[in-house]
Each structure stands twice: as structure tokens, then as C-alpha cells.
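Asker: Whatever this is, show me its structure:
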Amino acid sequence: MESLTEKKCLPCEGGVPPLPAEQCARLLSKLAPGWRLSPDGTELQREYTFKDFYRTMSFVNALAHVANSEDHHPDLAIGYNYCRVRYTTHAVGGLTENDFICAAKIDRLV
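Answerer: Okay, here's the model as predicted:
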């Protein structure tokens, strides 16, 4: 079975339903600890903490490279020593496999 980090995001222009809760739970179990689903199940969220601003920004820049390579971009909240990451597929109003693929790939950065 192909791991999430070996997959490539597929273009999504909408017109498909978001993943059902059971499939989200199965894909969540394949990610590193720390990821969680939002209470309404439409977002995949994680907070990363770092020693200082330089390390935070290094992570953010590496994350930006992954996001651009996959053409799937998260919402970020950034501070001195943290980065909060939120993935959702806006075109479908919920989660797709793309969100989990990107989450798995950015976990490799830390």
C-alpha cells in the first residue's frame, strides 16, 4: 500500500463530496501524533512549537515549498515559537485525501 508521503495531490475544483468521517479517522491514524480533526470534522489541525523565531520561520518556509509543490495550501497562524497549521479543501467544504497527503509530508520536516 502506498504511503501518504509517496502520493501526489490531485487537482480539486469541487463537485465531489468531502471525505466521510470514517475515512478521515482512518487517514488521521496514518499521521504523526498531534494532528486532530476540528469539532465539525471539516479541518485537519496541528500546532508545531519551536525553540525560537528563526526555527519557526525555517519550518514555515519549508512548509511553503511543500504546499507549492503539491498546489495545496494550508491556513497558517505564526508566532515567535509556534506555527498552527489548518488544512481543508475549500472547494469541497471539508477534507480530501490531499489534506492528509500534505500533513504527512510536512511532518517529515520536523
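
Asker: Could you pull out the helices in the protein for me?
Answerer: Ranges of helices in the chain, per DSSP state H, are 21-28, 53-70, 97-107.

Asker: what's in contact with the last one?
Answerer: With contact meaning CB atoms under 8 Å, 6 or more residues apart in numbering, helix 97-107 is reached by 3-5, 7-10, 12, 19, 27-28, 30-32, 35, 44, 46, 62-63, 66-67, 70, 72, 74, 85, 87-89. (Each C-beta comes from the backbone N, C-alpha and C, glycine too.)

Asker: report the angle between the axes of it and helix 53-70?
Answerer: 140 degrees (axes from the mean of the first three to the mean of the last three CA atoms, to 10 degrees).

Asker: So for helix 97-107, mean pLDDT?
Answerer: Helix 97-107 carries an average pLDDT of 97.

Asker: Check the longest one too.
Answerer: pLDDT averaged over helix 53-70 equals 98, rounded to a whole number.

Asker: got the contact list for that helix?
Answerer: Applying CB under 8 Å, 6+ apart, the contact partners of helix 53-70 are 8-9, 48, 50, 73-74, 76, 78-83, 85, 98, 101-102, 105-106, 109-110.

Asker: Can you tell me which of those end up in strands?
Answerer: Using DSSP state E, the subset of the contacts of helix 53-70 located in strands is 48, 76, 78-79, 82-83, 85.

Asker: From those, keep the buried residues only.
Answerer: Among those, those classed as buried by 16 or more other CB atoms under 10 Å are 48, 83, 85.

Asker: can I get the residues you listed in a markdown table with distance to residue 56?
Answerer: Formatted as a markdown table, these follow (distance: CB to CB, whole Å):
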| residue | distance to residue 56 |
| --- | --- |
| 48 | 8 |
| 83 | 6 |
| 85 | 12 |
